[in-house]
Structures are given as C-alpha cells and as structure tokens.
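Novice: Sequence first, then the predicted structure, then my questions.
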Amino acid sequence: MMHPLLVPLKWLAHACERKTGPEDVLVKVLYCGICHTDIHQAKNHLGASKYPMVPGHEVVGEVVEVGGEVSKYSAGDVVGVGVIVGCCRECRPCKASVEQYCNKRIWSYNDVYTDGRPTQGGFSSAMVVDQKFVVRIPAGLAPEQAAPLLCAGVTVYSPLKHFGLMSPGLRGGILGLGGVGHMGVKVAKSMGHHVTVISSSGKKRAEAMDDLGADAYLVSSDADQMAAAADSLDYVIDTVPVKHPLEPYLSLLKMDGKLVLMGVIGEPLSFVSPMVMLGRKSITGSFIGSMEETEEVLKFCVEKGLTSQIEVVKMDYLNEALERLERNDVRYRFVVDVAGSKIEDAA
Ligand SMILES: NC(=O)C1=CN([C@@H]2O[C@H](COP(=O)(O)OP(=O)(O)OC[C@H]3O[C@@H](n4cnc5c(N)ncnc54)[C@H](OP(=O)(O)O)[C@@H]3O)[C@@H](O)[C@H]2O)C=CC1
Ligand SMILES: O=C/C=C/c1ccc(O)c(O)c1
Ligand SMILES: [Zn+2]
Ligand SMILES: [Zn+2]
C-alpha cells in the first residue's frame, strides 16, 4: 500500500513539471537516495509539511533537454540535484556562494517555486531544475553511487572544510552511523583523520571498523568507554535525528573542540554552560553544502576512490524502505532505482 502521506506515484509522474525555461535543465530521474529528512518531511516532524508531497533530494538523472541560455549541460549528460533548487542571488550568503544559507532558498520539495507551483522532488520520473542547482556527475562515479553524495556526502564535507577540519591527523567523532554518518567516516578517513564512531548499540562495530575503516567505536550508553575517551576529539559530527543529550558528546571534545549538529530536531536540546566554557568548546550546526562544495565533494570522492554503501531498491519498495530507515535497519543508504521502476504500477 502507498505511504499515506505521499502522493500516488502515477499521479506525480508528470503532474507539475513546468516547461523547460531558458535557464532550466529537464532531467530524467535515474536514481534518488532516501535521506532521513524525507521521513521528517513526510511525517511533518517540523510542522511545515504540505501534502500531497513528492520527496527525494539526492537525485541523479540524465539531461533530456536544456533551455536556450544553458551552455554548461547538454542532452545525455549525467547530473545531480540536491536539497535546494532556488535562492535570491542577492543576499550576503548568495553573493558569498553559500546559497544554502539564503533565507529565500527554495527547497527541492515541500516548497513553492517562483512560478507559484509546488516543488516536487526526485521520487518522480523527471524534474525541471535551474542550471545553477544542477551539478555534473564526474566520470568514474556510478550514478547510483553518486546519489547519496548530493546530500549526505556534502553535508559532512562542508563543515569539515568550513571549520578548518581537513588537516590530516585530526581526531574526529561520528555520532550516529546512518546515511550521513557513514559518509562522515569515509570522508574523514580520506582526509587522514583518526575516526571514532559513537553509536547507540554495538551492532555496527564490526562493519564500522572492518568495512568503513573507522579506528575506534564507542557505544554511547557505555559509561566506562565514554569516560575513557573523554577529552580526546577535535570534533564530533552529530547525526542523531531525534532529541538526545549533548553533554556526553561535549565531554569527548578536547579544548576548542567542536560539536557540529546535523540532525533535524524540532525540540530544544540542552546542556549546562560549564560544559562548553571549561574547554572553550563550540556547539554549532551546518546545513548541506554549497553548489561549489557539492561539485568539490564529487571530485573528492573520485580522487579518493570513495563510494557510498547503498542498498538499491525499486519504487515499489519505497514504503518498506522508509519504515526500515526509521527503525535504523539500513546499511547505510537506500537508493531508489527510479528509471528502472514501473512508476505507474507502484501506486
Ligand atoms: N544538516 C543537514 O544539512 C542535514 C541534516 N540531515 C539530518 O541528519 C539526520 C540524520 O540523517 P540520516 O543520516 O539520513 O539518518 P539515518 O537514519 O540514516 O541515520 C541516523 C543514525 O542516528 C542513530 N540514531 C540514534 N537514535 C536514533 C533513533 N531514535 N532513530 C533513528 N536513528 C537513530 C543511528 O545510528 P546508530 O545505530 O549508530 O546509533 C542512525 O543510523 C536527520 O535528522 C536528517 O534530517 C540529513 C542531511 C543533511
Ligand atoms: O536532508 C537535508 C535537509 C536538511 C534539513 C536541515 C535543516 C532543516 O531545518 C530542514 O528542514 C532540513
Ligand atoms: Zn538529505
Ligand atoms: Zn540569497
């Protein structure tokens, strides 16, 4: 049965596709990753969801048609689209090429485009996207492999770059080993970091160490393990998608260490001030990455031979995949083979 909150797929296939404007690229969707944000959005965890909704923001597709002003792309190119499909181009973040922080950003779904129509994401057969928000998938990256890089990959790459955390030898923690977290391990390892996974259970220990190459593994509920690791990390990337205490992870940081919040959590998180004062520690956040950083992370992954660890599924498995993602039962990202699915039948 279709997920109750999602639009029937046969209906969405061509429903709100606009004509290809001069700056637009018409993309036939090949693959689309499933991010935990898709669950937050579909289940209205932030209270701003509008239905019907077509989620999906880790989109890889093939260019079918381009507008008259588009010179960078042509039919047949393999391209990616992520979380953002519009911005004002005039504000400070836009001028600084960090358009993800534009207050007039347009989300790739659950938003309204400049033409007044709803935006719809990658769980559909095609998207029309302004060329500014399209990236080329470099040779050497399989399209299904590239999909998670367009959100999960750039989401970890961007703060490491922005906060000056790319130097080899740094000691990093990845809290929550899911879609974003597993890319965190891979990207940080490729930068030459010593990487500790901090997980809610011991279930992923062997995979984290043997398959992903983590150097250490902590179970967050094991007080002895956590105490032994106190004051040892330069940063922790926190990907937990639900309310959780911050103090255990602040304790892991060295002086000047950074706790980078990634999870979308609509409830207040708390800590006592000495936890940050005594050690000049920072709690900060980061939101995806810029279009430039998205291009960079794709190149970085090709250069370093990095791949995402994915489970490719068809569209008729989407409901099951969303349920499995929510119960923490995926290694580590579902990617929907959109073009290989019979979308009409899946509804
Ligand atoms: N800031 C940004 O730009 C972005 C934010 N996000 C947000 O980051 C968060 C993580 O996304 P993503 O990696 O796709 O999510 P996943 O579900 O793939 O991973 C989350 C991980 O957190 C841990 N976890 C701890 N408690 C829970 C719980 N109650 N339910 C589920 N997982 C739990 C699990 O790891 P373990 O088993 O190791 O404990 C799990 O694998 C989401 O809130 C998402 O919306 C996503 C992309 C971009
Ligand atoms: O998965 C990508 C989107 C992340 C996101 C981050 C913050 C926020 O408030 C959102 O609504 C989404
Ligand atoms: Zn995402
Ligand atoms: Zn702007």
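Specialist: Yep, it's here. Ligands and ions are numbered 1, 2, ... in the order given.

Novice: from here on, contacts and neighbour counts on C-alpha atoms
Specialist: Noted.

Novice: Identify the residues contacting residue 50.
Specialist: Shown in contact with residue 50 (CA atoms under 8 Å, 6 or more residues apart in numbering): residue 110.

Novice: ok, 6 Å please
Specialist: Contacts for residue 50 (CA atoms under 6 Å, 6 or more residues apart in numbering) come out as none.

Novice: What pLDDT is listed against the residue nearest to residue 29 when sequence neighbours are not counted?
Specialist: Nearest residue to residue 29 in three dimensions, chain neighbours excluded: residue 61, at 4.2 Å (CA to CA, 6 or more residues apart in numbering). For residue 61, the model assigns a pLDDT of 98.

Novice: so when I look at residue 61, I'm seeing a helix, right?
Specialist: No. Residue 61: not assigned to a helix; according to DSSP: H, G, I helix; E, B strand; the rest coil it is strand.

Novice: For it, the count of nearby residues, please.
Specialist: 29 (other CA atoms under 10 Å).

Novice: What helix or strand is residue 198 located in?
Specialist: Secondary structure from DSSP states H and E places residue 198 in strand 194-199.

Novice: what residues does that strand touch?
Specialist: When contacts are defined by CA under 6 Å, 6+ apart, strand 194-199 is touched by residues 171-176, 214-220.

Novice: Which helix or strand lies directly C-terminal to the longest helix out of those in the chain?
Specialist: Selection of the longest helix in the chain by residue count, based on DSSP state H, yields helix 291-304. Sequence-wise, the next helix or strand beyond helix 291-304 is strand 310-313, with elements assigned using DSSP H and E.

Novice: Parallel or antiparallel, which strands does that next one pair with?
Specialist: Here strand 310-313 is paired, per DSSP bridges, with strand 333-337 (parallel).

Novice: could you give me the average pLDDT of the partner strand?
Specialist: Computed over strand 333-337, the mean pLDDT rounds to 98.

Novice: Check stretch 26-36 too.
Specialist: Average pLDDT, stretch 26-36: 98.

Novice: re earlier: just the closest of the contacts of strand 194-199 to ligand 2, please.
Specialist: Of all the contacts of strand 194-199, ligand 2 sits closest to residue 176, with 14.9 Å by CA to the nearest ligand atom.

Novice: Correct me if wrong: the closest one contacts residue 241.
Specialist: No. Contact criterion CA atoms under 6 Å: residue 176 and residue 241 do not qualify, at 8.6 Å.
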